[in-house]
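> fold the following for me, if possible:
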Amino acid sequence: MYKGYAISLILMVFLISSCASPQKSFNKGDYDKAYKSALKILKKGKKSRKDLTTLNKSFEQILNREQGKIADYNRSDVIEDWEEAYGLYDGLLDKYEEGKNYLDNDFDATMDIVYEEQERLRLDIGDSYFNLGELQLEAYAESGNKLAAQEAYYLYTKAAEYGHTDPLLSERQAYAQTEGVITVLVIAEERWGISFAYDIDREFSRVERWSQDFKEVLYERRVDADCTIEIEFSDLDRRVRDNRSNQTYREEVQDGFETRQDTSGTTTQVPRYVTVSAQVTTIREEISFEWTARARIFGDRDYCREYRERTFRAEEVLVNEIYEIRGDTRAVPREFQDSRYDNRREEEIIRELIEELYDDFERAYF
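Predicted coordinates:
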């Protein structure tokens with residue numbers, strides 16, 4: 001009985017506190033929470049005058065607060081501030097629409113004005129972005145600077161987002177997009193000769209997949225590029241190092257049988273053991289490959305500003321262990337019976353080095 005009474009008491013306290021929470025939030029000045037919790041209660045069908053009053057008083061406070069913020073932003077000369085005001089209009093109107101069925105009719109006329117104000121602001125923002133786009137496109141026409149064309153495209157895009165209706169908008173936007181493309185040419189060559197030209201071209205031509213937005217990336221094309229990244233491969237550094245060590249091994253092994261006769265004349269065959277030895281010379285052969293590629297940048301500073309000169313290095317090592325045995329092989333541990341070789345061919349190593357260099361290059365620039 002006591003447990004049941006305790007549970008009922010907890011539920012009663014919870015219900016009371018839930019009902020009291022909108023007014024409590026209002027008294028604390030948290031009008032958004034008061035509005036939200038009162039609306040939640042009302043939507044459940046619990047239409048009490050107290051909750052309706054709290055809902056309306058909360059919305060009135062929210063309306064006054066947001067209108068004050070909007071007025072401050074609208075007084076600014078910065079278009080981004082106007083966008084902040086537009087967003088506040090959106091939030092205010094969303095709240096109104098959500099609770100419209102429970103709000104006093106006195107708010108209808110005020111909110112109609114809010115709708116009209118937001119619509120005028122939308123038109124102003126769209127017009128302003130379009131006009132700014134026009135200025136940037138004029139700057140491109142005068143200077144030929146593709147960055148101005150890019151900026152014009154972004155401004156036209158913002159104008160379109162706000163529903164700007166100038167019939168030239170789409171045409172201007174498409175033109176700015178085309179004119180703003182920066183061509184990046186990548187050239188990769190060896191310092192001397194063409195020994196690995198095919199493998200280098202096969203790997204580095206993959207860079208063209210990074211063409212996007214206002215960047216067209218080309219590999220070894222005959223074009224008048226805005227920015228050129230030239231990668232020069234040094235001579236391949238191939239070095240061989242040998243390291244030798246000697247170790248002597250001894251082992252007692254069975255070497256046939258010998259006949260023994262006991263006192264009764266019975267003969268038996270027993271194993272005969274001998275000590276054998278051998279010397280193992282371990283030749284550790286390391287063949288190291290190191291390849292360096294230096295990237296240099298040529299072109300207009302504005303167009304090449306995201307690139308800088310770099311040096312890339314890639315290394316691979318082949319390791320072979322060769323065992324030379326002198327003496328009785330039975331004394332030698334099993335792991336030294338067969339030499340161990342890295343079976344990769346040098347052609348494979350070269351391809352791996354080129355792949356490493358390209359991966360580093362791609363990470364650095366794209």
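
> all contacts plus neighbour counts: C-alpha atoms, from now on.
Fine.

> my guess is residue 312 contacts residue 360, does it?
Yes. The pair residue 312 / residue 360 is scored as a contact, 6.9 Å apart, by Cα atoms under 8 Å.

> more neighbours: those two, which one.
More crowded of residue 312 and residue 360, by other Cα atoms under 10 Å: residue 312, with 18 against 15.

> which residues of this protein fall in strands?
Using DSSP state E, the strands of the chain run over residues 182-190, 215-219, 227-233, 237-261, 267-299, 310-327.

> of all those strands, which one comes closest to residue 162?
Checking the strands of the chain against residue 162 by Cα to Cα gives strand 215-219 as the closest, at 26.6 Å.

> isn't residue 140 right up against residue 150?
No. If you go by Cα under 8 Å, residue 140 and residue 150 don't touch, sitting 9.2 Å apart.

> okay, the two: which has more neighbours?
A direct count of neighbours by other Cα under 10 Å for residue 140 and residue 150 places residue 150 higher, at 25 against 21.

> nearest residue to that one in space, please, no chain neighbours.
residue 180 (4.8 Å; Cα to Cα, 6 or more residues apart in numbering).

> give me the neighbour count for the one you found.
Residue 180: 23 surrounding residues under other Cα under 10 Å.

> can you pull the phi/psi pair for it?
Here the main-chain torsion angles of residue 180 (degrees, to the nearest 10) amount to phi -90, psi 0.

> how close does it sit to residue 216?
Residue 180 is 10 Å from residue 216, where distance means Cα to Cα, to the nearest Å.

> what about residue 272, how many residues nearby?
Neighbours around residue 272, by other Cα under 10 Å: 12.

> that one touches residue 252, doesn't it?
No. Using Cα under 8 Å, residue 272 is not in contact with residue 252, being 10.1 Å away.

> turn the strands of the chain into CSV, columns for distance to residue 196.
Output for those, formatted as CSV (distance: least, Cα to Cα, whole Å):
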stretch, distance to residue 196
strand 182-190, 8
strand 215-219, 17
strand 227-233, 10
strand 237-261, 14
strand 267-299, 12
strand 310-327, 15
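
> just the helices in the chain please.
Remark: helices assigned in the chain by DSSP state H are 2-27, 31-43, 49-74, 79-99, 106-143, 146-161, 169-179, 197-204, 346-365.

> most tightly packed of those?
helix 146-161 (a mean of 23; mean count of other Cα atoms under 10 Å).

> mean confidence score for stretch 200-208?
In this model, stretch 200-208 has an average pLDDT of 96.
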